[in-house]
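Enquirer: Here's a sequence, model it:
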Amino acid sequence: TNPEIVFHEYETWRHQFLAPNLGAKGTFFTDVRVRKALYFAMDRDLIVDEILLGYGVRADGPQPPPSPAYAPDRITTIYGYDPAMAMSLLEEAGWVDSDGDGIREKDGAPFSTELYYVDSQVNVQQVAYFQQVFGEIGIEIIPVAEPQPTYLDRLFAGDFQLGLLGATWINQGDQGALYATAGIPPNGFNISQWSNPDYDALQAQQLVELDPDARFEILVEMSNLINEDAAEIILYFDKGVAATQPRLKNAYPNGFGLTWSLPWMWIDPAL
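Expert: Prediction:
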């Protein structure tokens, strides 16, 4: 309400997600039913409304709103809040609470996993929520906060079971470094080590497709492969906020940068 400040709310390329380890050190999340159970256990709209105070949008698919391939209406599976479905999927995957202690087991091993994250106000609130909702479906979450350099080293070494992190990826819909087999560390940022030959083949196609409409269709198909296989548990896409004075004209902060319109900005001396 301050007349001396103009607020700019804008979509970003950043997404927040839970990374399940699907590599050699992965234990709990190699079964797609378990990964889908994590999706259904959460009310991601509630996370956006209560923790982000509305500055975000639930992620349906991996492409963020500024992307030319953002098409939530084309995503074939929407993971709404459905704890009953989450528990059913865990039962199908063989995770049952046989001793009644509230934690599911399989082959004698309890579903108790550490969740690594970088300490921040938003992350602390999210982790507390994950402990609650995952606990309600029989998964024990043990939070472990680490300094960012140590945490990133752990992720890229694959030394984790579940990690909470965010990523900003501005590449006009090309997400190969995030999800293709060739993007598995140390060659890229495919932290979960997800590998899908169909996705890899489509990635090669979209890189050389010059028709924007045809490329869009390929990217939508790729998004559905990621989403259907729950390669990552994508929570939401962030919104950004910037502030300027009213006398600064042609200031248009957005996901491409706060000052991208700098060559066209000017000061109105009358204000």
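Enquirer: Verify the stated contact: residue 256 with residue 168.
Expert: No. Proximity of residue 256 to residue 168 does not meet the contact threshold set by CB atoms under 8 Å, at 11.0 Å. Backbone N, C-alpha and C define where each C-beta goes, glycine included.
Enquirer: With neighbour numbers in mind, choose between the two.
Expert: For residue 256 versus residue 168, neighbours defined as other CB atoms under 10 Å are more numerous around residue 256 (14 against 11).
Enquirer: I'd like the distance between that one and residue 242.
Expert: According to CB to CB, to the nearest Å, residue 256 stands 12 Å off from residue 242.
Enquirer: And residue 218, by the same measure?
Expert: Residue 218 is 34 Å from residue 242, where distance means CB to CB.
Enquirer: neighbour count winner among the two?
Expert: residue 218 (18 against 15).
Enquirer: Check which helix or strand residue 8 maps to.
Expert: For residue 8, the host element (DSSP states H and E) is strand 6-20.
Enquirer: list the buried ones in that strand?
Expert: 10, 11, 12, 13, 14, 15, 16, 17, 18, 19, 20 (16 or more other CB atoms under 10 Å).
Enquirer: So which bits of whichever helix or strand comes after that strand are buried?
Expert: Under the assignment DSSP H and E, the closest C-terminal helix or strand after strand 6-20 is helix 32-41. Neighbour counts over helix 32-41 (16+ other CB under 10 Å) mark 33, 34, 35, 36, 37, 38, 39, 40, 41 as buried.
Enquirer: Quick one: mean pLDDT for helix 32-41?
Expert: Helix 32-41 shows a mean pLDDT of 98.
Enquirer: in the next helix or strand after that helix, what's buried?
Expert: Toward the C-terminus, helix 32-41 is succeeded by helix 44-46 as the next helix or strand (DSSP H and E). If you call a residue buried by 16+ other CB under 10 Å, then helix 44-46 has these buried ones: residue 44.
Enquirer: list the helices and strands helix 44-46 packs on?
Expert: Using 3 or more CB pairs under 8 Å, 6 or more residues apart in numbering; DSSP states H and E, no helix or strand is in contact with helix 44-46.
Enquirer: what comes into contact with that helix?
Expert: If you take CB atoms under 8 Å, 6 or more residues apart in numbering as the criterion, helix 44-46 is touched by 58, 59, 79, 81, 235, 236.
Enquirer: pLDDT value on the second one, please?
Expert: The model reports residue 59 with a pLDDT of 98.
Enquirer: next one: the last one
Expert: Turning to residue 236, the model gives it a pLDDT of 98.
Enquirer: ok, and the closest non-adjacent residue to it?
Expert: Excluding the flanking residues, the one nearest residue 236 by CB to CB, 6 or more residues apart in numbering is residue 56, at 4.3 Å.
Enquirer: OK, contacts around the one you found?
Expert: 47, 48, 236, 237, 238, 239.
Enquirer: rerun that using 6 Å as the cut-off
Expert: Neighbour list for residue 56: 48, 236, 238, 239 [criterion: CB atoms under 6 Å, 6 or more residues apart in numbering].
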